[in-house]
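Peer 1: Model the following, please.
(2 chains)
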Amino acid sequence: MIHSLVQFSYLVATGLFVFALHWMNDPKTARRGVLSGVVAMLIAVLATWAQPGIVHHLWIIVAMALGFAVGWPLSRVPITAVPQRTALSHAFGGLAAGLVGTAKFYLWYNDGPANLTTFVMVAIIAEIILGFLTFTGSLMAAGKLQEVKWIPQRPVTYPGQNLMNLALLVVAVVIGAALIVNPTAAWAPALFPVIIGLALLFGVLLIIPIGGADMPTVIAILNAYAGLSAVAMGFVLDNKLLITAGALDGSSGLILAIIMCKAMNRSFANVLFGAFGQVQQSKAGAEGQVYKPETTEGAAQIMEQASLVVIVPGYGMAVAQAQHKVRELYDLLKKRHIDVKFAIHPVAGRMPGHMNVLLAEAEIPYTDLVEMDDINGDMPQCDVALVVGANDVVNPAARYDKSSPIYGMPIIDADKARTVFAIKRSKNPGFAGIDNELYFSDKTWMLFGDAKKVIGDLVKNLSDGSGMH
Amino acid sequence: MSRRRIGRLSLPLLVAALGLHMTAIQAAAQEESAGAGAHVVEIDYWPLLFVFVLASFIGLGVIRRVSRLLHTPLMSITNAISAIAVVGSIIVTGSDYPTEIRLIGAVALFASMTNIVSGFLITDRMLKMFKTDRGEQK
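Peer 2: Numbering: from 1, shown residues only, chains lettered A, B, ... in the order given. Take a look at the predicted model:
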């Protein structure tokens, strides 16, 4: 009876999880999705807890209370820190899966080795490899995003890197296979931690060569891994709720990763093993090009005359926390009946949808946030394109320069606007390390400085101008 | 429009429900046939694989339609959902297992709970920010 009740609860929870994701298809219904997810999770927890096999309640309560204590502050982080928080929670997810797999293995090894069938062992090995590599990989990603001192920001590469990573993985899989065949051997408990160690190491090595521009894809892949490790846990525990919820998470990560890869015209393998940071020496010869700097007064005057202004935000906007100043600019331009749109490239920022959340935080209506494919047709009619801390996503070299590492990547056609203003912190190239020829174009004027300050100056100039009229 | 979407969604759901139902029947039949035989509870893994594949298809179908505006909240909500690992953690922590095993479970439970709390809360916080117009406050 209690068994059926638990299974029924799990079935209801599964349905609610599907609806939670279904309602995310529209910002209007999305919050209902969260509610549905919370209810599903509550049902799942209570149904599990109510099982007669659960006898130690104090431990559960203490662990949950600690989880609350840490989870609450993690949900209050500034919106600019959302990519780090997401990476960190992938790490927690991977850790949980890895630990449960470990616990189950030792439990059954000592008490009930008959449970360690081939299928269960395959699932356990998959669970701990995926879980622990997601754990350290996500920690590394979070560290890179948070710009922790002792984690290198630039991609770290060395000769034979891919070969070494591959060798490591092969060793882990071979040891895993040995354990799958002989789960009850005397040496099994000693070999098990070796796999854990290899998975932990592999996670670190996998993320070390990844640069900032590839973070959206990598975060999505880690998301999929975290989901798949939950699926593996479901196989180990013979629990269909774990399998369905994990599969939903896994497919979400997969789809996001595919979207990110398409937006960069790269393959999975290329992102993970391509070592983006090393290839751009060839362009260094094309020197002699000069930036044309412009003052904010001049830029403000030209913007006043525009009828359509397209703002192209990038990671630089997030770094400078400039989104609120951008909104002030948006307000001022709108007041003058100038049409203002935001052109959002799928990989702008450090995670999928990063720019949308930042601009929504600044209370810019989401109806003015336009996807790349939808805005590009309007770019020839655009009077002013204002590039705020974006770089590779507006580099025209992606269209024709076959030697460029970003060749083939779809870009926002900022260069087709009549005038381009580009805000840039310094004269250094962007994250991919590539010179951007948009900046040297005849119609481009550079506004050097911190994005927040430059836009603040623009706002000041625009509001002063209106006062004098 | 939205009704049509739900309509499209209902077919895979139905298939999944049917699959679950059939596996339940199958499992019951097997339990009977096993009778008082060997005590080992061998997992019948085919139903599990079926559920996995069907759930993945539902996931792909649903997620493909998620608004691109909401990809960051999507990631944080799926994060919270994948913290369903809490179910496994509760079982390991709360069952009558050796202390070391339960200790590992408790750490896993802590990690899952952190994800559930922070995942759902931050998703809701972000979604609250998406507005069509300045005047429309919710």
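Peer 1: Correct me if wrong: B:A55 contacts A:I243.
Peer 2: Yes. Between B:A55 and A:I243 there is a contact at 6.4 Å, judged by C-beta atoms under 8 Å. Placement of C-beta: from N, CA and C, glycine included.
Peer 1: And the helix or strand harbouring A:W445, what's buried?
Peer 2: Using DSSP states H and E, A:W445 sits in strand A:444-448. Going by neighbour count (16 or more other C-beta atoms under 10 Å in any protein chain shown), the buried part of strand A:444-448 is A:444-447.
Peer 1: Name the residues of the stretch 251-400 of chain A found near chain B, please.
Peer 2: Within the stretch 251-400 of chain A, the residues that sit near chain B (C-beta under 8 Å from any C-beta of the partner chain) are A:251-256, A:259, A:344, A:346, A:351-354, A:356-357, A:360-361, A:363, A:365-367, A:369, A:371.
Peer 1: Listing request: residues of chain B with sub-threshold pLDDT.
Peer 2: In the predicted model of chain B, residues B:1-41, B:134-138 satisfy pLDDT under 70.
Peer 1: Can you name the residue of it nearest chain A?
Peer 2: In chain B, the residue that lies nearest chain A is B:M113 (2.4 Å; C-beta to the nearest C-beta).
Peer 1: and that residue, how many neighbours?
Peer 2: 27 (other C-beta atoms under 10 Å in any protein chain shown).
Peer 1: Isn't it up against A:W72?
Peer 2: No. With contact defined as C-beta under 8 Å, B:M113 does not reach A:W72; the gap is 10.7 Å.
Peer 1: on that earlier part again, wait, is the residue of chain B closest to chain A part of a helix?
Peer 2: Yes. Secondary structure of B:M113 (DSSP: H, G, I helix; E, B strand; the rest coil): part of a helix.
Peer 1: same for the strand holding A:W445, what does it pack against?
Peer 2: Contacts defined by 3 or more C-beta pairs under 8 Å, 6 or more residues apart in numbering or on different chains; DSSP states H and E place strand A:444-448 against helix A:296-305, strand A:419-424.
Peer 1: In chain B, what residue spans correspond to strands?
Peer 2: Along chain B, no segments are classed as strands by DSSP state E.
Peer 1: Got the domain ranges for it?
Peer 2: Using automatic domain parsing, the domain parsing of chain B gives B:1-65, B:68-138.
Peer 1: For the stretch 151-300 of chain A, give the residue positioned nearest to chain B.
Peer 2: Counting by C-beta to the nearest C-beta, the stretch 151-300 of chain A gets nearest to chain B through A:S251 (3.2 Å).
Peer 1: quick one: contacts for that residue?
Peer 2: A:224, A:227, B:56, B:59-60, B:63 (C-beta atoms under 8 Å, 6 or more residues apart in numbering or on different chains).
Peer 1: just to revisit the earlier point, of all the buried residues of strand A:444-448, which comes closest to A:M1?
Peer 2: A:L447 (70.7 Å; C-beta to C-beta).
Peer 1: All the helices of the stretch 351-469 of chain A, in order from the start?
Peer 2: A:354-361, A:372-375, A:397-400, A:451-468 (DSSP state H, counting those that start in this stretch).
Peer 1: no, scratch that, I was asking about chain B
Peer 2: Counting by DSSP state H, chain B has helices at residues B:2-34, B:45-64, B:71-82, B:85-94, B:99-129.
Peer 1: For burial, what's the neighbour tally of residue 119?
Peer 2: By default, I'm working from chain A. 18.
Peer 1: wait, chain B
Peer 2: Neighbour number of B:G119 under other C-beta under 10 Å is 31.
Peer 1: Please apply the same query to A:H354.
Peer 2: A count of nearby residues for A:H354, using other C-beta under 10 Å, gives 29.
Peer 1: what's near enough to touch it?
Peer 2: A:H354 neighbours (C-beta under 8 Å, 6+ apart): A:82-83, A:216, A:315, A:318, A:348, B:72.
Peer 1: same thing with A:G94?
Peer 2: A:130-135, A:137-138, A:222, A:225-226, A:229.
Peer 1: so how far is A:A232 from it?
Peer 2: According to C-beta to C-beta, to the nearest Å, A:G94 stands 11 Å off from A:A232.
Peer 1: Done for today, thanks.
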